[in-house]
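J.: Got a sequence here, can you model it:
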Amino acid sequence: MINTVVRGLEVIATGFRTLYEYIALYVSLAIFGVGGVLFTFLGAVLYPLLPRRFGSRLGRFLITCIFWPYLVFIESTGLFKCDISALDALSNDESIVIVPNHPGLIDVVLVGSRLTNIVCIMKKDIQDNILFGGGARLAGYIRNDSTRNMVRAAVAELKQGTQLLIFPEATRTAVQPVNEFTGAFALIARRAGVPVQTVFIEYSSAFLGKGWPLWKKPQFPLTFRVTLGKRFEVGGDRKSFVDDLENYFRERLAVKNND
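T.: Numbering: from 1, shown residues only. Sure, this is the predicted structure:
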């Protein structure tokens, strides 16, 4: 009889826990969406009113002011843990190209929550998105619809002391451990004369990765972890450099996945 009651209580507790996880997950996603809409509205209002450089710096600072409290909130639910303090070592750096792997949708949030002077290269459809468009334009994020213009704009930002965030996979990882790298980041770093800082992002789940539906609940607690890799100077043949860096990511991520 006692065992039956205990099992019943365990089933009830599990049910409440599952319900809480769904509520906390979708509330956190809703808050992110509402915050994105409000910021893009603010960005759309401020963009034509502010001087370009001041507006960009303000926009980047405001993005950090949104991303950091958001991560604090999701951690407060007890379902998420964000181990991203390694990024603080880059907070005083100027003019570097930051190249992380790209396992999920929240990668920019993780990096942007710690670094206040980064400019991102974004897909044009994201910049046109109602959740991000106005804020991205205010922050001076760079569209990738024209390679020539993208490279020119990125080099100009780096020469003014900005940090550039670019995902060498171009899109979220579809083939583990990383997609084939594109070479734009190396071209930009070489032309700007700045180093490439590698960054490794790890999720404890495939949550928000390529093909993961928003309605699917991951296994909680979910951990996001960011670590720094080596810093490289772009030298020699650019294609060989890109291939070597891709292999470096493959080797490092393979080791991490086996830990």
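
J.: contacts, neighbours, all on C-alpha from now
T.: Noted.

J.: Pull the number of nearby residues for the nearest residue to residue 243 once chain neighbours are set aside.
T.: The shortest distance from residue 243 to any non-neighbouring residue, by C-alpha to C-alpha, 6 or more residues apart in numbering, is to residue 181 (7.5 Å). Using other C-alpha atoms under 10 Å, residue 181 has 18 neighbouring residues.

J.: wouldn't residue 181 be in contact with residue 242 here?
T.: Yes. The pair residue 181 / residue 242 is scored as a contact, 6.9 Å apart, by C-alpha atoms under 8 Å.

J.: Would you mind giving both backbone torsions of the residue nearest to residue 243?
T.: phi -80, psi 140 (degrees, to the nearest 10).

J.: Distance of it relative to residue 102?
T.: According to C-alpha to C-alpha, to the nearest Å, residue 181 and residue 102 sit 11 Å apart.

J.: longest single helix anywhere in the protein?
T.: Longest helix of the chain, by residue count under DSSP state H: helix 2-46.

J.: who does that one touch, helix- and strand-wise?
T.: helix 52-76, helix 133-138 (3 or more C-alpha pairs under 8 Å, 6 or more residues apart in numbering; DSSP states H and E).

J.: average pLDDT across that helix?
T.: The average pLDDT within helix 2-46 is 83.

J.: what's the answer for stretch 113-122, then?
T.: 91.

J.: right, so of the helices and strands packed on helix 2-46, which gets closest to residue 167?
T.: Of all these, it is helix 133-138 that lies closest to residue 167, at 16.4 Å by C-alpha to C-alpha.

J.: Any figure for the gap between residue 38 and residue 70?
T.: On the measure of C-alpha to C-alpha, residue 38 and residue 70 end up 14 Å apart.

J.: And the strands in the stretch 151-259 of the chain?
T.: Counting by DSSP state E, counting those that start in this stretch, one finds strands in the stretch 151-259 of the chain at the ranges 163-165, 196-203, 222-232.

J.: Deepest in the core, which of those is it.
T.: strand 163-165 (a mean of 25; mean count of other C-alpha atoms under 10 Å).

J.: leaving aside the residues next to it on the chain, what's closest to residue 35?
T.: residue 66 (7.6 Å).

J.: Let's see the pLDDT reported for that neighbour.
T.: Turning to residue 66, the model gives it a pLDDT of 90.

J.: Number of residues surrounding it?
T.: 18.

J.: Distance check, it against residue 158.
T.: 24 Å.

J.: any idea of the angle the longest helix of the chain forms with helix 52-76?
T.: 170 degrees (axes from the mean of the first three to the mean of the last three C-alpha atoms, to 10 degrees).

J.: Pick the most buried one from the helices and strands packed on helix 2-46.
T.: Comparing those by mean count of other C-alpha under 10 Å gives helix 133-138 as most buried, with a mean of 26.

J.: Tell me which other helices or strands it touches.
T.: Using 3+ C-alpha pairs under 8 Å, 6+ apart: helix 133-138 touches helix 2-46, helix 52-76, helix 124-127.

J.: what ranges do the helices span in the stretch 151-259 of the chain?
T.: 184-192, 238-258 (DSSP state H, counting those that start in this stretch).

J.: Against residue 247, how distant is the residue nearest to residue 243?
T.: Taken as C-alpha to C-alpha, the span from residue 181 to residue 247 is 10 Å.

J.: With residue 253 instead?
T.: For residue 253 relative to residue 247 (C-alpha to C-alpha), the value is 10 Å.

J.: same deal with residue 88?
T.: Following C-alpha to C-alpha, the distance that separates residue 88 from residue 247 is 26 Å.

J.: Tell me which of the two has more neighbours.
T.: A count of neighbours by other C-alpha under 10 Å puts residue 247 above the other of residue 88 and residue 247, at 15 against 12.

J.: Cool, thanks, talk later.
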